[in-house]
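Undergrad: any chance you can model this:
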Amino acid sequence: MTNKMTAGEAVKEARKRGIKCTVKELVSAYREIEGCDPEWRILCRLFFFTKDEFERLIELLPTLDKIRGEKEMRETIERNRLMNTPVMGFCWFWENDDNGLYGRKRTFKVLAPYKGNEYCKPANFTSCNEEQYQKVEDAAGKKYFGKNVPTLIEFTI
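TA: Predicted coordinates:
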């Protein structure tokens with residue numbers, strides 16, 4: 001007999017022990033407790049549990065609400081920390097115009113200063129100090145063509 005069982009077999013075993021759940025609930029509970037998916041086959045998304053994983057999961061299922069609450073509390077604390085952390089720097093965003101060769105559309109990056117909290121900062125944000133930020137504000141709107149992107153080195157000199 002093998003050490004593995006499918007998620008359906010695990011649900012049947014859990015129901016024999018008095019725990020009512022579905023396959024989706026069992027897999028999502030495993031994901032929340034362990035932080036990753038159980039072993040699965042890519043062809044039909046068939047999940048497998050080992051006997052040890054299943055036993056541990058059955059033990060921790062009653063405490064799942066407590067685990068969810070602790071995780072939510074950690075996320076709230078982290079979000080509040082990021083909301084209250086001021087940052088300054090710059091980022092760039094895409095724009096286009098019709099000034100390309102023979103009036104064709106050309107795409108380029110535009111430099112933009114950012115001053116705000118860390119939680120809302122743009123994806124391509126680069127942090128800098130006060131002196132560099134003043135230079136960034138002076139150069140706001142500068143266009144970068146091709147593979148060029150704004151870097152911190154430009155504003156340190």
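Undergrad: can you tell me the closest non-neighbouring residue to Trp92?
TA: Lys109 (4.3 Å; Cβ to Cβ, 6 or more residues apart in numbering). C-beta: built from backbone N, CA, C; applies to glycine.
Undergrad: point out where this protein drops to low pLDDT.
TA: Applying pLDDT under 70 to the chain picks out residues 1, 43-44.
Undergrad: in the chain, which residue is closest to the centre?
TA: Most central in the chain under Cα atoms, centre = their mean is Ala123, positioned 11.3 Å from the mean C-alpha point.
Undergrad: find the nearest non-adjacent residue to it, please.
TA: Distance criterion Cβ to Cβ, 6+ apart; nearest residue to Ala123, sequence neighbours excluded, is Cys91 at 7.8 Å.
Undergrad: and Cys128, by the same measure?
TA: Counting by Cβ to Cβ, 6+ apart, Cys128 lies nearest to Gly89, which is 4.7 Å off, once chain neighbours are set aside.
Undergrad: tell me the SS of the one you found?
TA: strand (DSSP: H, G, I helix; E, B strand; the rest coil).
Undergrad: number of residues surrounding it?
TA: Using other Cβ atoms under 10 Å, Gly89 has 20 neighbouring residues.
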